[in-house]
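Engineer: A predicted structure for the sequence below; I have some questions about it.
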Amino acid sequence: MNSRKRSILLVLVAACFLTAAVSPVVAKTPAPSPLTVDTITTGLHVVRDLNNGNTVVFAGEDGVLVVDTKSQELSGALLGKIAEISDRPIRFVVNTHWHFDHVAGNEAFATTGATLISHENVRRRMSTEQKIDLFAMRFPPAPKPALPVVTFTRDLTLHLNGEAVRLFQVAPGHTDGDAIVYFPKANVIQVGDLYFNGLYPYIGVPTGGSIDAMIAVGRSVLGMIDDNTVIVPGHGPLAGKADYTGYLEMLTAIRNAVRDRIAEGGSKEAVIAAKPTRAFDEKWGHGFLKPDDFAGLVYMDLSRTASQPQNGQKSQ
């Protein structure tokens with residue numbers, strides 16, 4: 001048994017032991033896997049969880065590249081799914097940003113010998129306590145094995161399985177550590193939480209994100225891809241260029257509506273009461289962020305800079 005398979009087995013055994021210790025009934029009747037696998041093209045797969053979070057698995061003769069490691073609770077199941085996809089070693093793990101549902105499985109993957117990679121700001125944020133006040137969440141510094149050991153500031157290329165896999169940041173958008181992962185030969189791009197397909201997105205305003213930046217970065221991505229590109233969002237189903245265009249149009253319309261209300265002197269309560277998301281709620285308003293929550297988040301973002309000049313530019 002090689003070291004990778006032994007590590008995976010140990011993680012799965014530990015998960016089973018904890019389940020048995022907490023609930024003998026569950027141990028006798030195993031729950032179905034919380035993960036499903038969709039194949040995009042040869043060697044490229046997406047492992048989805050019950051919250052529609054997406055992990056990309058790129059497998060071939062050279063080994064396996066994984067994009068995002070999900071939560072700590074799902075790391076064992078994720079390693080199991082990857083073992084079903086490929087018996088090759090996991091060589092690289094890329095984190096698209098620092099949020100727990102994308103990096104909390106890092107330590108389990110590090111035990112397999114995988115090299116953890118991210119934008120430098122991901123390692124910086126994981127190394128110190130972080131908070132998401134909107135959800136009253138606090139995250140202590142990550143243990144050393146969970147920290148990315150290779151970081152980049154602008155871009156990095158991995159030559160693996162016949163692909164020149166590009167890792168890059170256009171600019172801060174969802175957070176200040178966003179990484180986009182592009183498989184040009186396969187014509188697949190993973191944009192992380194810059195894109196929540198089918199639900200209003202969380203914007204990491206306290207850690208460098210903004211709705212303006214998410215829109216600007218998204219427009220840059222649209223200029224790189226074509227109508228046949230498969231887009232892997234951080235959450236939600238796979239998409240194409242037209243889908244992503246519609247998402248950016250939604251963000252732009254809501255951004256403009258909230259900005260106009262702020263310019264009129266509207267308070268947060270007044271902005272929310274005006275229902276700036278109304279035209280989009282049927283399609284986008286059924287996720288973890290409800291319409292009023294999203295309107296309040298956009299207000300919080302834009303009200304910080306409402307008094308600053310916009311360089312004479314009209315909202316687009």
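Structural biologist: Structure's in. What do you need?

Engineer: I'd say residue 300 and residue 268 touch.
Structural biologist: Yes - with contact defined as Cβ atoms under 8 Å, residue 300 counts as touching residue 268 (7.4 Å). Glycine gets a C-beta too; all of them are placed from N, C-alpha and C.

Engineer: can you pull the buried residues of the strand or helix carrying residue 77?
Structural biologist: In this structure, residue 77 is located in helix 75-85 according to DSSP states H and E. Neighbour counts over helix 75-85 (16 or more other Cβ atoms under 10 Å) mark 75, 76, 77, 78, 79, 80, 81, 82, 83, 85 as buried.

Engineer: make TSV out of those residues and add pLDDT and distance to residue 110.
Structural biologist: Converted to TSV, these look like this (pLDDT from 0 to 100; distance: Cβ to Cβ, whole Å):
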residue	pLDDT	distance to residue 110
75	95	11
76	95	14
77	96	17
78	97	14
79	97	12
80	97	17
81	97	18
82	98	14
83	98	16
85	98	19
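
Engineer: which one of those is nearest to residue 151?
Structural biologist: Within the set of the buried residues of helix 75-85, residue 75 lies nearest residue 151; the separation is 21.4 Å, counting by Cβ to Cβ.

Engineer: roughly how far apart are the residue lying closest to the closest one once chain neighbours are set aside and residue 71?
Structural biologist: Take residue 75 and drop its neighbours on the chain: the residue closest to it by Cβ to Cβ, 6 or more residues apart in numbering is residue 105, 3.3 Å away. Here residue 105 is placed at a distance of 7 Å from residue 71 (Cβ to Cβ, to the nearest Å).

Engineer: mind listing the helices for the stretch 1-150 of the chain?
Structural biologist: Using DSSP state H, counting those that start in this stretch, the helices of the stretch 1-150 of the chain run over residues 3-22, 24-28, 75-85, 100-103, 106-110, 120-126.

Engineer: can you name every helix or strand that the fifth one contacts?
Structural biologist: Counting contacts by 3 or more Cβ pairs under 8 Å, 6 or more residues apart in numbering; DSSP states H and E, the secondary-structure elements packed against helix 106-110 are helix 75-85, strand 90-94, strand 115-119.

Engineer: apply 7 Å and report the result again.
Structural biologist: In this structure, helix 106-110 packs against helix 75-85, strand 90-94, with contacts taken as 3 or more Cβ pairs under 7 Å, 6 or more residues apart in numbering; DSSP states H and E.

Engineer: distance to residue 201 for the ones you listed - can I get that in JSON lines?
Structural biologist: JSON lines is the format used below for these (distance: least, Cβ to Cβ, whole Å):
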{"stretch": "helix 75-85", "distance to residue 201": "23"}
{"stretch": "strand 90-94", "distance to residue 201": "20"}
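
Engineer: re the thing from before, can you give me the offset of the helix holding residue 77 from its chain's centre?
Structural biologist: Between the centre of helix 75-85 and the centre of its chain there are 19 Å (Cα atoms, centre = their mean, to the nearest Å).

Engineer: next, the angle from it to strand 90-94.
Structural biologist: 130 degrees (axes from the mean of the first three to the mean of the last three Cα atoms, to 10 degrees).

Engineer: quick one: which of the helices and strands packed on helix 106-110 is nearest residue 199?
Structural biologist: Using Cβ to Cβ, the helices and strands packed on helix 106-110 put helix 75-85 closest to residue 199, at 21.8 Å.
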